[in-house]
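>>> give the three-dimensional model of this entry:
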Amino acid sequence: MGDYVTILITRSADVLRRVEAVVASVIDSVSKNEPPILVSHNRTTWNNISFDPSKGLVMNYSPSVKTIRLNSANSAQKFALTMKVLSKVHQLVRTDTFCTKRELYYQDVKLFPGQSTLDDIVDDVACMLQVPRWNLHILATSKGLVAGDLFFTSGDGEHIDCSSTGTGVLIPNHVQGISNLQTEAEFVLVVEKDATFQLLLDQKLRQYVGPHILITGKGFPDVNTRLFVRLLWQHFRLPTLCLVDADPHGLEIMSTYKYGSKAQSFEANHLTVPSLRWLGILPSEVQRLIPSTNGLMQLTERDIKKANELLTRPYLSAQPLWKTEIEYLIKTKMKAEIQCLSQIAIDFLSNIYLPNKIRNSSWL
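Predicted coordinates:
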C-alpha cells in the first residue's frame, strides 16, 4: 500500500486557505440547518499505518477517518475546542507569529480540560489540514539536549556552540528556524536518558571515540528532539547510533527515532531516521557483560506485554535481528539499564564499551 504524503507547505497563504475552507464548511452546514462535522484521519489505529523502509511508519493513502460532531454529546466540547484552535492557527499564521502549546494552554487554562487535550487537538488539526504541525505556528516545548561538535544559528539569530557546554544545550523550540549548521563530527549518538548523557559529558567521551554529536530526548523523545535528529541526518548524512536500556521501553524509544510513531505517522517524512542503528545495550550481551544478576531486573508483566506488542510492529519484518533480541528478552525475562555497566568499572561505558562497539561497527 502507498503512504499518505504530508505536504510541506511553505506559503502561509496555503495554510490560511485550508483553515478557511474548514470554517466555510461548518458555516455552510449551519446555513442548511445541518449539524456541522469536522473530519480528520484517524491517528490511533494501526489499520491506517503501513511500513516503508525508506520512511518508517506512514499513514495509508486512504485511511479511515474520525468525525467530531457538534450535535453529539460525546464530541461537542471537542468540536468547540477544535474550532478555537483553528481560529488561533489562523491568527498566528496571518500575523507570522509563533507560540508554544504550553503558552496557548495558559492563555485560557479554564477552556481546556488539560494540556494533553490541547496537544491532541493540535495534532488532529495538523492531520485534518494535511500540514506538518510546525506550519500551524504552534510549537512544542523542547526538553531534549545536544552537546558535542556542532555549531548552528537559532531562529532568533543566536549563534550556538554545542562544544562549549558541560551540561548540554536545550534543543530550540523552532527547529525549522535553525541555519548555518557546521560540524566535524564523525557520527551522532542518541542516548535514552539524561543521566547517561551527563555521564558521557563528565567522562569526556570525545577523548575515547573522537568528534561526535551527543543527543538525549530525556526518555521518550519529544517532537523537537526527533525533528532535530532528522535535521542533522538530512544535513550531514552522518551515521546515527542509538544507546538505550535493554528493555522494552528502550526498544520503543529507539524505534520511535528510527521509524516514528503511530500518532505522528502523517509526519513521518520529517521525524524519522530510517538509517539509525541500534548500538546497545543489546539484551543478548547483558549477561555476558554482567555475569552477576545484581545489576539485572526481572521483566514486569507490563514489560512482557510491551515486548510481545513490539513483535507485532510492521517494521519487525525488516529487522530480523531486532526480533531475535526481543525474543531473547522475553525468554530470559531479564532487563538491564545502561547504568548497570558502571558496576564493572565507573568509566566502562565511555572508556571500553562504546569505543569498542563503535570501532568494530558492532551495531544492528
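>>> who touches stretch 73-87?
Stretch 73-87 has contacts (Cβ atoms under 8 Å, 6 or more residues apart in numbering) with 19, 22-23, 26, 36, 38, 67-70, 104, 111-112, 117-118, 121-122, 124-125, 138. For the C-beta atoms, the positions are set from N, CA and C on the backbone; glycine is no exception.
>>> quick one: low-confidence ranges for the stretch 201-350 of the chain?
291-294 (pLDDT under 70).
>>> show me the strands in it, by range?
Under the criterion DSSP state E, counting those that start in this stretch, the stretch 201-350 of the chain contains strands at 213-216, 240-243, 277-280, 297-298, 334-335.
>>> ok so, going back, in ChimeraX, select just the buried ones from the contacts of stretch 73-87.
With 16 or more other Cβ atoms under 10 Å as the criterion, this ChimeraX line picks the buried residues out of these:
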select :19,22,26,36,38,68,70,104,112,118,121,122,124,125,138
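>>> just put the strands of the stretch 201-350 of the chain in CSV and tack on distance to residue 133.
Listed next are the strands of the stretch 201-350 of the chain as CSV, based on distance: least, Cβ to Cβ, whole Å:
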stretch, distance to residue 133
strand 213-216, 20
strand 240-243, 22
strand 277-280, 27
strand 297-298, 36
strand 334-335, 33
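>>> rewinding a little: quick one: which of the contacts of stretch 73-87 sit in strands?
38, 67, 68, 69, 138 (DSSP state E).
>>> look up how far residue 82 lies from the fourth one.
According to Cβ to Cβ, to the nearest Å, residue 69 stands 11 Å off from residue 82.
>>> next: the last one.
As defined by Cβ to Cβ, residue 138 lies at a distance of 13 Å from residue 82.
>>> and residue 265, by the same measure?
Taken as Cβ to Cβ, the span from residue 265 to residue 82 is 20 Å.
>>> tell me which of the two has more neighbours.
residue 265 (29 against 20; other Cβ atoms under 10 Å).
>>> my read is that that one contacts residue 59, right?
Yes. Applying Cβ atoms under 8 Å, one finds residue 265 in contact with residue 59, separated by 4.5 Å.
>>> which residues of this protein fall in helices?
For the chain, applying DSSP state H gives helices covering 12-31, 76-94, 101-107, 115-129, 194-202, 206-209, 223-236, 248-259, 268-271, 283-289, 301-310, 320-332, 348, 354-359.
>>> let's have those in CSV, adding distance to residue 46.
As requested, the helices of the chain are exported to CSV (distance: least, Cβ to Cβ, whole Å):
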stretch, distance to residue 46
helix 12-31, 27
helix 76-94, 23
helix 101-107, 26
helix 115-129, 16
helix 194-202, 31
helix 206-209, 38
helix 223-236, 20
helix 248-259, 13
helix 268-271, 14
helix 283-289, 24
helix 301-310, 10
helix 320-332, 17
helix 348, 39
helix 354-359, 33
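>>> having no further points to raise, I will conclude here.
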